[in-house]
Structure formats: C-alpha cells, structure tokens
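I'd like to go over a predicted model; first the sequence, then the structure.
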Amino acid sequence: MILVNSKETAQKLSIDLSGEQEFITVDTEFIREENQIPLLCLVQIATKSENYVIDPVAVDLGFLKPFFADKNLKKVFHCARQDMEILQSYGFEINNFYDTQLYEMVLSTKENISYQSIVLNYTKKKLKKNYGLSDWSKRPLSKKQLIYATEDVSYLRKVYQKQVAQLKKLHRENWLDDEMSQLTEKNSLEDSLNEASYPLLYKLLNWRDEKSKERKVAPELLVSDRLIKSICKKGIEYIRNLKNARNLADDKEFLDYAETVAEDFSPGKNQSERNPAVDLLKTLLDVKSKQHNVSPIMIASIKDLIKFIRGDRSVRFLEGWRGEIFGNSASDLINGKMKLGIDNSEVVLYE
C-alpha cells in the first residue's frame with residue numbers, strides 16, 4: 001500500500017495509471033452532515049499492481065481527473081452513487097464506470113448487498129468494519145485506518161473479475177448499461193417510498209425547489225434527499241422529534257413548513273385503498289425474480305407496477321430483458337391469458 005501524500009507519490013500513481021490498465025477500483029472516505037457540502041477525506045485506488053490511498057489534504061487531486069475522464073479506463077465502484085456524487089462535486093468527470101452492487105442484483109435476488117457480503121461471497125474473506133465510522137478528517141491517519149481504507153478497493157478487484165465472468169456466462173453483461181448512465185442523475189425518491197407518501201413528497205420537493213432558486217443554492221445542499229425521505233416515511237412525530245433534539249439552523253424554515261403540511265399527508269393513510277391488482281403483479285414479480293435469480297427491484301418498482309395498472313405502457317419492464325423475464329407475463333396476467341395459483345404452498349403460473 002502506498003500513501004499518496006507528496007508530489008513524488010502522486011507522480012508514482014500517475015505513472016501506474018498511465019500503464020496498461022483495463023480497470024481500476026475506487027472508493028472514497030468522506031464526512032457528510034445535513035445541508036453541508038461533503039468533505040472528501042480520502043480517495044482509494046487499486047491498480048493492477050498496487051493499492052493507493054490518496055490524501056486530498058496533502059496533495060491536489062487535479063492529477064487524477066484525466067484518468068477518471070478517460071473513456072477507455074473502467075472505474076469500478078461498489079455502491080457508486082455517493083462516491084461519484086462527491087467526486088463530481090470536486091470537479092471530476094467520470095466516464096466508463098461500473099457498480100458491483102448494482103450488477104450483483106442481476107445475479108441474485110438480493111437487494112443492495114453490502115461490500116462485506118459481496119467480498120465474502122466472491123473471495124471467502126471476512127472483512128472487519130471497525131473503522132467505518134472513523135473521523136477521516138483527522139491527521140495523521142493510523143496504520144489500521146489505512147489498512148481498512150485499502151481493503152475497500154483491494155478485494156474489489158477480484159470481486160469485479162469474478163462477477164464479470166458470471167455475467168458473461170449468463171449473457172447479462174450489458175443488462176444494466178442504462179442504469180450505469182443514470183448513476184450520474186438524481187436518484188428517484190418516488191421509488192423508495194410507497195404511493196401514499198407521494199403527496200407529501202411533492203409538497204416538500206416543490207418547497208425545496210422554490211427556495212433553492214430563491215437562495216441560489218443547489219436543492220440537495222438546501223435540504224437533503226435523505227431528510228425528505230425520512231419525513232415522508234416517519235411523519236409528523238419524526239419532524240417534532242427533530243425540532244426538539246437538534247440544533248436548528250438553516251433547516252428550521254423547512255421543518256416548520258414540513259410540520260404544517262405533514263398532518264394532511266400522514267404515512268400509512270389510504271393503505272386500505274391499495275389496488276389488489278398491484279399485489280397480484282407483485283406476486284408475479286416475486287415468482288419471476290426467483291425463477292431468473294434477479295433482484296425484484298432491478299426488474300420493476302412498485303411505482304412501475306402502479307403506472308402499468310393505470311394503463312401506462314411506457315414502463316421499463318415492458319422492454320428488453322425485463323420484458324422477456326417479466327413484462328410479457330405481466331401483460332398476459334392483466335389480459336387474462338395467465339393465472340396464478342397455489343400448488344404445495346408455492347405460487348405457480350397457469351398459461
């Protein structure tokens with residue numbers, strides 16, 4: 001492992017990256033507080049021959065930007081979205097990237113598998129996460145911190161290679177090309193919430209958009225998606241607990257507004273009005289997920305199912321590989337050409 005904290009070590013990494021590299025593995029360590037720009041504390045990179053821990057406190061990260069923009073060099077992450085967001089906030093353009101967490105969801109029914117779990121699955125190595133909550137901004141970093149940081153990219157090389165071999169064997173290596181491109185776009189909050197929460201969500205998002213324009217601040221920096229999602233899931237009592245427990249600053253106005261509108265949009269309301277057709281499609285989705293060993297959320301979201309029931313035929317599960325393993329059957333079910341039944345306590349399909 002090489003700690004990059006000088007011009008000499010930065011040059012060594014540059015020479016290594018300029019060599020014959022099909023891919024590198026990447027991770028970051030950062031500190032993120034509500035409504036503040038994240039502070040990037042470390043960038044970890046594993047090349048074919050070495051593991052590097054780059055200290056942005058000691059060296060300017062500008063020398064890395066051409067390599068991240070290089071369309072011929074694949075950048076491999078696990079759970080890429082946050083790492084990519086923070087690197088982009090520091091001026092990085094990231095081309096040709098890959099997320100092992102996402103691709104694992106077209107190789108198994110698991111959702112959002114952790115780094116420890118995927119390393120254990122592919123390498124049989126059990127990693128410790130003792131330093132996951134370290135204060136990465138403090139210097140000097142301890143030897144144990146550096147070892148921990150290095151493991152986040154060193155084992156990822158083997159995970160990636162074994163995962164790609166499985167994808168090629170099943171002819172699924174291009175299944176998620178669209179998802180990879182969407183990693184640079186905002187995550188859909190709708191997909192992580194139930195439909196009953198949508199009215200409250202839209203109210204909060206509209207407030208944030210208006211205030212962000214007024215204050216000339218990026219929406220996510222004004223009020224985080226995480227806070228909005230928590231409010232939509234937990235409701236007014238959560239808002240009141242926040243107001244009582246935290247030192248309010250810029251988000252006081254937002255929490256006051258959220259409290260005034262949350263009474264009318266309590267999570268869980270109208271659950272009794274849920275369309276049973278959605279539940280039927282969800283059952284079919286679970287069957288197809290197990291049959292093809294693909295995570296259900298990678299095939300269709302609840303939002304997709306609701307839109308489909310309402311007659312929207314633009315949903316993504318009607319096209320491509322999703323259409324083959326689920327969409328065609330969903331259409332048959334809705335049109336009465338397929339039925340669901342139970343045989344020996346298992347759901348079965350009848351053409």
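Cool, got the structure. Numbers count the residues shown, from 1 in each chain.

only C-alpha atoms from now on, for both contacts and neighbour counts.
OK.

number of residues surrounding Lys337?
12 (other C-alpha atoms under 10 Å).

residues touching it, list them.
Glu351 (C-alpha atoms under 8 Å, 6 or more residues apart in numbering).

sec struct for it, please.
At Lys337 the chain is in coil, as set by DSSP: H, G, I helix; E, B strand; the rest coil.

mind giving me the domain split of this structure?
Using automatic domain parsing, the domain parsing of the chain gives 2-182, 190-265, 275-350.

output those domains in TSV, with mean pLDDT appended to each entry.
Shown next, in TSV, are the domains of the chain (pLDDT from 0 to 100):
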stretch	mean pLDDT
domain 2-182	92
domain 190-265	80
domain 275-350	93
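
list the helices and strands the helix ranked longest in the chain packs on?
For the chain, the longest helix by residue count, based on DSSP state H, is helix 143-169. Applying 3 or more C-alpha pairs under 8 Å, 6 or more residues apart in numbering; DSSP states H and E, one finds that helix 143-169 makes contact with strand 23-31, strand 39-46, strand 51-54, strand 74-77, helix 100-104, helix 115-123.

so can I have TSV of these showing distance to Gly91 and mean neighbour count?
TSV is the format used below for the helices and strands packed on helix 143-169 (distance: least, C-alpha to C-alpha, whole Å; neighbours: other C-alpha atoms under 10 Å):
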stretch	distance to Gly91	mean neighbour count
strand 23-31	15	22
strand 39-46	12	21
strand 51-54	16	23
strand 74-77	16	23
helix 100-104	24	22
helix 115-123	26	16
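
tell me which of the ones you listed lies nearest to Ser134.
strand 23-31 (9.4 Å; C-alpha to C-alpha).

other residues contacting that closest one?
With contact meaning C-alpha under 8 Å, 6+ apart, strand 23-31 is reached by 38-48, 73-78, 83, 135-137, 149, 152-154, 156-157.

just the strands in this structure please.
2-4, 23-31, 39-46, 51-54, 74-77, 97-99, 339-343, 346-350 (DSSP state E).

is it true that Lys233 touches Ser197?
Yes: taking C-alpha atoms under 8 Å as the definition, Lys233 is a contact partner of Ser197 at 7.1 Å.

compare neighbour counts for these two and give me the winner.
Using other C-alpha under 10 Å as the criterion, Lys233 and Ser197 rank with Ser197 on top: 23 against 20.

so that one versus Tyr257, what's the distance?
16 Å (C-alpha to C-alpha, to the nearest Å).

is it true that Lys7 touches Ala58?
No: contact between Lys7 and Ala58 fails when scored by C-alpha under 8 Å: they sit 9.2 Å apart.

how far does stretch 40-55 sit from the chain's center?
Chain-centre distance of stretch 40-55: 21 Å, with C-alpha atoms, centre = their mean, to the nearest Å.

what's the span of that stretch from first residue to last?
Stretch 40-55: ends 9 Å apart by C-alpha to C-alpha.

list the buried ones in stretch 307-325?
Phe308, Ile309, Val315, Arg316, Phe317, Leu318, Trp321, Arg322, Gly323, Ile325 (16 or more other C-alpha atoms under 10 Å).

quick check: the two most widely separated of the residues you listed?
Ile309 and Trp321 (20.4 Å).

report how many residues lie close to Pro56.
16.

and it, how far from Ser197?
40 Å.

and what of Asp152?
Asp152 is 36 Å from Ser197, by C-alpha to C-alpha.

next one: Glu190
Distance from Glu190 to Ser197, by C-alpha to C-alpha: 9 Å.

relative to Arg139, how far out is the residue nearest to Ile54 when sequence neighbours are not counted?
Among residues not flanking Ile54 along the chain, Val4 sits closest, at 4.5 Å (C-alpha to C-alpha, 6 or more residues apart in numbering). Val4 is 14 Å from Arg139, where distance means C-alpha to C-alpha.

out of the two, which sits in the busier spot?
Between Val4 and Arg139, Val4 has the larger neighbour count (other C-alpha under 10 Å), namely 22 against 9.

and that one, how far is that from Tyr202?
45 Å.

same check on Ile299?
25 Å.

more neighbours, the two?
More crowded of Ile299 and Tyr202, by other C-alpha under 10 Å: Ile299, with 22 against 12.

would you mind giving the strands of the chain as TSV with distance to Asn275 added?
Shown next, in TSV, are the strands of the chain (distance: least, C-alpha to C-alpha, whole Å):
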stretch	distance to Asn275
strand 2-4	56
strand 23-31	42
strand 39-46	45
strand 51-54	51
strand 74-77	38
strand 97-99	34
strand 339-343	17
strand 346-350	20
